[in-house]
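Participant: just coords:
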């Protein structure tokens, strides 16, 4: 994982040029593949003198065109769009780097209202820690500490962890109550760091942010997928969104893409859209060799259902069946479909062909719910209508496994209208039984049930209702008792709390197949392909 540090001034005229050069000189010696990235430039990149000076100090002037995220003007005009572009460009730039110093506000940059909160949101979305630069000129130690605390507070409110402050023009006899949090430059022109200061700087660079924003999580999907590229088949190549997503996935080297359809038509459609899918493999359902290979295997799999070879030849011409057979036969590592076809049309072939993996009670689903600063897992909100206690236990175990696969520590809440022994009835009894069965299936699983949602997420409520539970108040995986509750629950949180719902992610299959919403955006398709690739890695 790339180490990173967001270095930004907290005020104007802090002597950032000398500080930045000193920090770069130290870091480029410590990290073999070191990068410098400018979060927001001031207008055209070629006019950003401070940034060009920093790149020159790092010996990276040849990276000028790729080592920046967005412009400051664009950020002020449309923060959401600009932030998305920033995260995307940083993710691509940092790929393969050992460490990256991210440059924020520098001397000469225009002071705009809300600068520090905006910077905090940028750092949070880049999943990095922050080093603040402040001026120590004519300030006592206490005054510097107050300025640091006030500046840091504005950024911490935006979920950006501030870990060190660099103070220019500080007095030599400066007294700080917590000197371990500061690196001081006594005359503003200092070009070296002591061993102790080097250790502080390295600790700041090495410290990982625990904050996960929707943008940073989606960026992590891309990074993880491209670390071990997999072949993902997209059978709905007639849809323009699929071709646009394929272009982005191939350009960013997220996955190797297989498109199903007529090559001449697909290439013509791509040209009309202005996208490049030349690096994709294109296969046809009418390919005689593939059709026969898949038909023979499908007939074997379904012979007990009376499927003949002739029937199989026709069945595997269906896009969903063809794509699923590619995955089953090892010609692709996973499949993503559903932009055109229904959920049933996408996943029924996987039930018939790929089937459940050993130990999985059933095929189920979960949504990755991207909250403001963390990720929750909700299951099952899309597949299993009225699960039995045994099936509910299986959903819990599978959802916990999915959580682990995507970097979420699983603490499972088996949701009910009752917490502990407070309520009774058949619905509560079913959750009690499901919780017990899940513990039998995975004795190491941190799980609590029955439990109400408020007791699962709110530590104050948890102290009252389940004071000794390791899950209550800290749950990350939420298992709804049935599809009715789950679907309502995830959509309520999505629409009312502004959460980003990624999924449904199918779980329990031998090989990964995932379904898209028919209203999916290109971004949704890219994320789903990345998720499928990560599942294939596992």
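Facilitator: The structure has been received and is ready for your questions. In this text, all values refer to a predicted model and were calculated from it rather than measured experimentally.
Participant: Tell me where the stretch 51-200 of the chain is predicted with low confidence.
Facilitator: 188-191 (pLDDT under 70).
Participant: rerun at 80
Facilitator: By pLDDT under 80, the low-scoring segments of the stretch 51-200 of the chain are 110-112, 170-177, 186, 188-192.
Participant: what does the stretch 251-400 of the chain give?
Facilitator: Using pLDDT under 80, the flagged stretches of the stretch 251-400 of the chain are 343, 359, 361.
Participant: Show me where it has its strands.
Facilitator: 256-260, 281-283, 334-337, 364-370, 375-379 (DSSP state E, counting those that start in this stretch).
Participant: which of the ones you listed is buried the deepest?
Facilitator: With neighbours defined as mean count of other CB atoms under 10 Å, the strands of the stretch 251-400 of the chain peak in mean count at strand 334-337, which reaches a mean of 29. In short, each C-beta sits where N, CA and C put it, glycine included.
Participant: List the neighbouring strands of it plus their orientation.
Facilitator: For strand 334-337, the pairing partners within the sheet under DSSP bridges are strand 231-234 (parallel), strand 513-515 (parallel).
Participant: So which of those strands is nearest residue 533?
Facilitator: strand 231-234 (5.9 Å; CB to CB).
Participant: Distance from that closest one to the middle of the chain?
Facilitator: On the basis of CA atoms, centre = their mean, to the nearest Å, strand 231-234 sits 20 Å off its chain's mean C-alpha point.
Participant: Can you tell me what sits against that strand?
Facilitator: 242, 245-246, 249, 255-260, 281, 323, 326-327, 331-337, 525, 529, 532-533, 536 (CB atoms under 8 Å, 6 or more residues apart in numbering).
Participant: and the residue of the chain most remote from its centre, helix, strand or coil?
Facilitator: What lies farthest from the middle of the chain is residue 173; by CA atoms, centre = their mean that is 45.5 Å. The assignment at residue 173 comes out as coil when based on DSSP: H, G, I helix; E, B strand; the rest coil.
Participant: what's the spacing between the residue nearest the centre of the chain and residue 166?
Facilitator: Against the mean C-alpha coordinate of the chain, by CA atoms, centre = their mean, the closest residue is residue 217 at 1.9 Å. According to CB to CB, to the nearest Å, residue 217 and residue 166 sit 30 Å apart.
Participant: hang on, isn't residue 433 packed against residue 387?
Facilitator: No: between residue 433 and residue 387 no contact is recorded; they are 11.4 Å apart, counting by CB atoms under 8 Å.
Participant: Among these two, which residue is more densely surrounded?
Facilitator: Ranked by neighbour count (other CB atoms under 10 Å), residue 433 and residue 387 place residue 387 first, with 25 against 16.
Participant: Grab the nearest non-local neighbour of that one.
Facilitator: For residue 387, ignoring the flanking residues on the chain, the nearest one in space by CB to CB, 6 or more residues apart in numbering is residue 395 at 6.2 Å.
Participant: what residues are up against that neighbour?
Facilitator: Neighbours of residue 395 in contact, by CB under 8 Å, 6+ apart: 361-362, 364, 366, 379-380, 384, 387, 479.
Participant: now, the most widely separated pair of those residues?
Facilitator: So, the contacts of residue 395 by CB to CB: farthest apart are 361 and 366, at 14.4 Å.
Participant: can you pull the pLDDT of residue 459?
Facilitator: Looking at residue 459, its pLDDT is 93.
Participant: Quick check: neighbours shared by residue 433 and residue 387?
Facilitator: By CB under 8 Å, 6+ apart, no residue touches both residue 433 and residue 387.
Participant: for the contacts of residue 395, which one is nearest residue 140?
Facilitator: Looking across the contacts of residue 395 and measuring by CB to CB, the closest to residue 140 is residue 366, at 54.1 Å.
Participant: Just grab the bridge partners of the nearest residue to the closest one once chain neighbours are set aside for me.
Facilitator: Nearest residue to residue 366, sequence neighbours excluded (CB to CB, 6+ apart): residue 379, at 3.5 Å. Applying DSSP bridges to residue 379 gives these bridge partners: residue 366, residue 479.
Participant: shift numbering so it begins at 18
Facilitator: New numbering, starting at 18: the last item is residue 396.
Participant: Spit out the contact partners of residue 396.
Facilitator: Applying CB under 8 Å, 6+ apart to residue 396 gives the contacts 381-384, 412-413, 415-416, 419, 494-497, 503, 524.
Participant: does residue 277 really touch residue 254, like I thought?
Facilitator: Yes: if you go by CB under 8 Å, residue 277 and residue 254 touch, sitting 5.8 Å apart.
Participant: Residues that sit against both of the two, list them.
Facilitator: Contacts common to residue 277 and residue 254, judged by CB under 8 Å, 6+ apart, are residue 299.
Participant: Any idea what residue 51 is bridged to?
Facilitator: Beta-bridge pairing of residue 51, defined through DSSP bridges, involves residue 116.
Participant: in terms of contact, does it touch residue 116 like I think?
Facilitator: Yes: using CB under 8 Å, residue 51 is in contact with residue 116, at 5.4 Å.
Participant: Find residues that contact each of those two.
Facilitator: Residues touching both residue 51 and residue 116 by CB under 8 Å, 6+ apart: residue 44.
Participant: Just list the residues touching the nearest residue to residue 525 once chain neighbours are set aside, thanks.
Facilitator: Spatial nearest neighbour of residue 525, chain neighbours left out: residue 377 (3.8 Å); criterion: CB to CB, 6+ apart. By CB under 8 Å, 6+ apart, the contact list for residue 377 reads 411, 415, 524-526.
Participant: Then residue 209?
Facilitator: Contact partners of residue 209, counting by CB under 8 Å, 6+ apart, are residue 39.
Participant: Which of the three states applies to it?
Facilitator: Reduced to three states with three-state DSSP, the structure at residue 209 is coil.
Participant: any idea how far it lies from residue 43?
Facilitator: On the measure of CB to CB, residue 209 and residue 43 end up 9 Å apart.
Participant: what's the answer for residue 479, then?
Facilitator: Going from residue 479 to residue 43 by CB to CB gives 45 Å.
Participant: Then residue 23?
Facilitator: Look at residue 23 and residue 43: by CB to CB, they are 16 Å apart.
Participant: cool, and residue 535?
Facilitator: According to CB to CB, residue 535 stands 53 Å off from residue 43.
Participant: of these two, who's got more company?
Facilitator: residue 43 (17 against 12).
Participant: so the more buried one makes contact with residue 215?
Facilitator: Yes: if you go by CB under 8 Å, residue 43 and residue 215 touch, sitting 5.9 Å apart.
Participant: shared neighbours of those two, which are they?
Facilitator: Contacts common to residue 43 and residue 215, judged by CB under 8 Å, 6+ apart, are absent.
Participant: mind listing the helices for the stretch 218-367 of the chain?
Facilitator: Assigned by DSSP state H, counting those that start in this stretch, the helices in the stretch 218-367 of the chain fall at 231-243, 257-268, 280-290, 305-318, 326-332, 336-345, 360-370.
Participant: do you know which of those helices lies nearest residue 36?
Facilitator: Residue 36 sits nearest to helix 231-243 of all these, at 26.1 Å, using CB to CB.
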